[in-house]
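Undergrad: Got a predicted structure here, sequence first:
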Amino acid sequence: MTEAVENPDKLSGMEVDVIGEVMNISMGTAATAMSTILNTKVNITTPRIETIGVEEFEFAYLEPVIGVLINYVEGIEGANVLLLQESDMKKILSQLFDMDTSDDIEFDEISKSAIGEIMNQMMGAAAGALASFLGKVVNISPPTLLDTTSKASIRDLFSLKGDNLVSIKFNLSIEGLVESEFISAMEPALAREIVTMSMGASGMDDEEEVAPPPPPPP
């Protein structure tokens, strides 16, 4: 009987806990930024994390989606893709444009520019929170809207980096507007870099010296 080969990219339970906490903090800050932009209450909570093969990565239940590519260019290096439902983005734009309904929203240059600016504000805030957590400067390049966001295009994007990706699913709540979720997909190397730096920033990587037990009484 052949033993299953352990996936070398799979995050350990401790790594999942650390990246979950870090992403919860950074996305909480992103939610505050979106709340300011839309002038309504926004919550982004409950990260659910798994390491998955690029070929197995599935998001059909969200389709059609808009993909936003974020590259970390200072402090940490790597790519992160946000996958959001088109219907959610239309509702967000209708709120931004002060429209009664999202039915007339089209993804033209104005809408795409607005989405890019919202994502820039959100992910810039998230990077700032991450920087505070890690104790070092973290910067992103301006978010890029992907021309096509299909299973094949996302798989191609990540397969250049390896066989696996880290999928982080978040609940998205925008008061009176959206009750949904979105996915943040990142390279395992980026997730591990964040985990390693987080543990270093908190001193968790330094093993505490344990005093030897006292010698037994004579």
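TA: That came through, no problem. Residues are numbered from 1 along each chain as shown.
Undergrad: So for the chain, the centremost residue is which one?
TA: For the chain, residue 184 is the residue whose C-alpha lies nearest the centre (CA atoms, centre = their mean; 3.7 Å).
Undergrad: So which bits of the lowest-mean-pLDDT helix or strand in the chain are buried?
TA: None of the helices or strands of the chain scores lower by mean pLDDT, DSSP states H and E than helix 151-159, at a mean of 77. By 16 or more other CB atoms under 10 Å, the buried positions in helix 151-159 come out as 154-155, 157-159. The C-beta positions use only the backbone N, C-alpha and C, and glycine is treated the same way.
Undergrad: tell me which of those is nearest to residue 51?
TA: residue 158 (11.9 Å; CB to CB).
Undergrad: My read is that the closest one contacts residue 185, right?
TA: Yes. Residue 158 lies in contact with residue 185 (CB atoms under 8 Å); the separation is 6.9 Å.
Undergrad: any common contacting residues for those two?
TA: Residues touching both residue 158 and residue 185 (CB atoms under 8 Å, 6 or more residues apart in numbering): 57, 81, 165.
Undergrad: now these in a markdown table, with distance to residue 197 and neighbour count?
TA: A markdown table is the format used below for those (distance: CB to CB, whole Å; neighbours: other CB atoms under 10 Å):
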| residue | distance to residue 197 | neighbour count |
| --- | --- | --- |
| 57 | 25 | 19 |
| 81 | 21 | 22 |
| 165 | 20 | 28 |
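Undergrad: where does this structure have low pLDDT?
TA: The model of the chain has pLDDT under 70 over residues 1-6, 148-149, 160, 201-218.
Undergrad: Skip the chain neighbours and tell me the closest residue to residue 46.
TA: residue 171 (4.9 Å; CB to CB, 6 or more residues apart in numbering).
Undergrad: these two touch, right, residue 141 and residue 73?
TA: Yes. Using CB under 8 Å, residue 141 is in contact with residue 73, at 5.1 Å.
Undergrad: one step back: could you identify the helix or strand that succeeds the least confident helix or strand of the chain?
TA: Elements were assigned by DSSP states H and E; along the chain past helix 151-159, the next helix or strand is strand 164-174.
Undergrad: in that next one, what counts as buried?
TA: 164-170, 172-174.
Undergrad: now the following helix or strand past that strand against strand 164-174, angle please.
TA: Downstream of strand 164-174, the next assigned helix or strand under DSSP H and E is strand 178-186. Using axes from the mean of the first three to the mean of the last three CA atoms, to 10 degrees, the inter-axis angle of strand 178-186 relative to strand 164-174 is 160 degrees.
Undergrad: Against which helices or strands is the next helix or strand after strand 178-186 packed?
TA: For strand 178-186, the following helix or strand on the C-terminal side (DSSP H and E) is helix 188-201. Helix 188-201 is packed against helix 13-38, strand 78-85, helix 109-134, strand 164-174, with contacts defined by 3 or more CB pairs under 8 Å, 6 or more residues apart in numbering; DSSP states H and E.
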